[in-house]
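Novice: Structural data only, the sequence is not supplied:
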């Protein structure tokens, strides 16, 4: 049996997410990066499994997280999203996704792409941590505070230091697989 990080339960969706996505560096896929930023924001105050179980509903509701499409959403679209039982129906969180789509587009114009902006915080190189177990992993770091501050300055919402750190873990800017995990040295590094 493979050793995994302590936060992974026996839920197949959790195992798949951990084994295939979490901590894998994602370059050059602005749509996926926007999806993960949006889902991390949706998670605020909830468990990640709650969001993972609704992920396909989110993808359908938010046009697979293409920022160019999400940025065009009208007030009527927001109202329809508030009625969608397949997602978390929180108006502030829904509005933040639309707002952040606009901001992703603005950042992409400035930096050449959203991923170039995101990866500029680590000069394009993932951080490989050496945690013994998941109790050592921080909720946020100086780097996630720096990212949060910069994103807020640019008008992004639901991008506090804890959300930014979770986002960094999800997209592989930070690899926090613990030493007993079979992915400790990273996947696709």
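Specialist: Cool, the structure landed. Model, not experiment: these values are computed from the prediction. Residues are numbered from 1 along each chain as shown.
Novice: Quick one: list the elements packing against the lengthiest helix in the chain.
Specialist: Across the chain, the longest stretch assigned as helix under DSSP state H is helix 91-111. The elements that helix 91-111 packs onto, with contact taken as 3 or more C-beta pairs under 8 Å, 6 or more residues apart in numbering; DSSP states H and E, are helix 30-43, helix 67-70, helix 75-82, helix 114-119. For every residue, glycine as well, the C-beta is placed using N, CA and C.
Novice: Can you check which of the ones you listed gets nearest to residue 144?
Specialist: Residue 144 sits nearest to helix 30-43 of all the helices and strands packed on helix 91-111, at 11.1 Å, using C-beta to C-beta.
Novice: which parts of the helix or strand following that closest one are buried?
Specialist: Sequence order places helix 48-52 as the next helix or strand after helix 30-43, per DSSP states H and E. By neighbour count with 16 or more other C-beta atoms under 10 Å, helix 48-52 contains the buried residues 48, 51, 52.
Novice: what does stretch 7-16 give?
Specialist: Under 16+ other C-beta under 10 Å, the buried positions of stretch 7-16 are 8, 14.
Novice: Quick check: closest non-adjacent residue to the most centrally placed residue in the chain.
Specialist: Closest residue to the average C-alpha location of the chain: residue 36 at 3.0 Å, with C-alpha atoms, centre = their mean. With sequence-adjacent residues excluded and distances taken as C-beta to C-beta, 6 or more residues apart in numbering, residue 36 is closest to residue 170, at 4.8 Å.
Novice: Quick one: end-to-end length of stretch 109-116, please.
Specialist: Its start and end residues considered, stretch 109-116 measures 11 Å (C-alpha to C-alpha, to the nearest Å).
Novice: residue contacts, residue 167?
Specialist: Residues near residue 167 by C-beta atoms under 8 Å, 6 or more residues apart in numbering: 36, 37, 40, 159, 173.
Novice: what's the distance between the last one and residue 48?
Specialist: When you say that, I think you mean residue 173. 17 Å (C-beta to C-beta, to the nearest Å).
Novice: for the fourth one, same thing?
Specialist: Distance from residue 159 to residue 48, counting by C-beta to C-beta: 17 Å.
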